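Asker: structure for this input, please:
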Amino acid sequence: MRRGLRVVLAAVLLCVLGTGCGEADAFATESTMARIKQRGVLTVGTKFDQPMFGYKDPASGRITGFDAEIARLLAKDLTGSERNVRFVETVSRERENFITQGVVDLVIATYSITPARAELVSFTDPYYYAGQDLLVRMGDSTINQVTDLGGKTVCTAKGSTSVDRLREQVPTAKLEIVDAYSICIPALISGRVDALSTDDTILLGLLAQHPDTLRLVRKPFGREPYGMGVRKQDTAFRDYLNGLICRWLRDGQWDRAFMSTIGVHGNTAGPSRPANC
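Answerer: Below is the predicted model of the structure:
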């Protein structure tokens, strides 16, 4: 058998066995994956103020949470080590800018997939599902569902899908729109606003910091698919990431990332695990 044919057959066999298909060495020279591999560091935009997803520990400086763990899995696949990742704080309103301007390689930051955003960037398939909910003060019994927000002041983040959904479902609510959800917490505790609204798992992380002061309503009124955001025309990178999501769902890495972050807090809110593959 000629040597060239043997090489081709060996490559096919590796692909079938699931060990050689899509390896970093096979990336096209000018692809985003090849550039990251050559650089040796993956740059990821994520949140720094959302416990369970993207949170910068004030003592150690380490970025923790589910989004951070997904980023580390990606860094390991591209560079050989989960340590080869650089996190850039990316608030909701800057996500598209950071992608299009090349500040980051991609954004993994509780990034809901919407048609408007998809006009500016490309999204992977969903890697997580959340539901929009409400965080209120423990002693406030007047808010038990979204319709109770009429005439109330609700805090949420600029550039989030939460804003549009609140305006659509409760047009009489007064919205206080800020740069980050963490800004809403002292306003809520002090009584300056009546509720904080965003995705349930983000709210659970914030609730874990104030369990005796705040409560989660637990009446989701919207479903949010989270995707990783990449440059608009970078279909090769997007397709590669979709393949990784499928692999992580099949081999248990997604579940391990979930249980080490969101699952630690006993989260059972919503059908979080995607069924893409």
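Asker: run the chain-centre distance for stretch 51-59.
Answerer: Distance of stretch 51-59 from its chain centroid, counting by Cα atoms, centre = their mean, to the nearest Å, is 13 Å.
Asker: er, stretch 47-57 I mean
Answerer: Taking Cα atoms, centre = their mean, one finds stretch 47-57 lying 11 Å from the centre of the chain it belongs to.
Asker: other residues contacting it?
Answerer: 46, 62-68, 87, 89-91, 108-110, 180-182, 201-202, 204-206, 208-209, 261-262, 265, 267 (Cβ atoms under 8 Å, 6 or more residues apart in numbering). No exception for glycine: its C-beta is placed from N, CA and C like everyone else's.
Asker: buried sites along it?
Answerer: 47-56 (16 or more other Cβ atoms under 10 Å).
Asker: next one: stretch 30-43
Answerer: In terms of neighbour count (16+ other Cβ under 10 Å), stretch 30-43 has its buried residues at 31-34, 36-37, 42-43.
Asker: narrow these to those in helices?
Answerer: When DSSP state H is applied, those are split such that 32-34, 36-37 fall in helices.
Asker: return the member of the residues you listed nearest to Ala116.
Answerer: Distance to Ala116 across these (Cβ to Cβ) is lowest for Thr32, with 23.7 Å.
Asker: the closest one reaches Phe237, doesn't it?
Answerer: Yes: with contacts counted by Cβ atoms under 8 Å, Thr32 reaches Phe237, the gap being 4.2 Å.
Asker: okay, and the common contacts of these two?
Answerer: 230-231.
Asker: would you double-check that Pro186 falls in a strand?
Answerer: No: Pro186 is assigned helix when assessed by DSSP: H, G, I helix; E, B strand; the rest coil, not a strand.
Asker: avg pLDDT for the helix or strand containing Ser197?
Answerer: Secondary structure assignment for Ser197, by DSSP states H and E: strand 195-199. Averaged across strand 195-199, pLDDT comes to 95.
Asker: just the CA coordinates of it, formatted as PDB?
Answerer: What follows is strand 195-199, C-alpha atoms only, in PDB (Å, rounded to 0.1, in the frame of the first residue of the first chain):
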ATOM      1  CA  ALA A 195     -37.200  44.500  41.900                       C
ATOM      2  CA  LEU A 196     -34.300  43.300  39.800                       C
ATOM      3  CA  SER A 197     -35.100  41.400  36.700                       C
ATOM      4  CA  THR A 198     -32.800  39.300  34.500                       C
ATOM      5  CA  ASP A 199     -32.100  35.600  33.900                       C
END
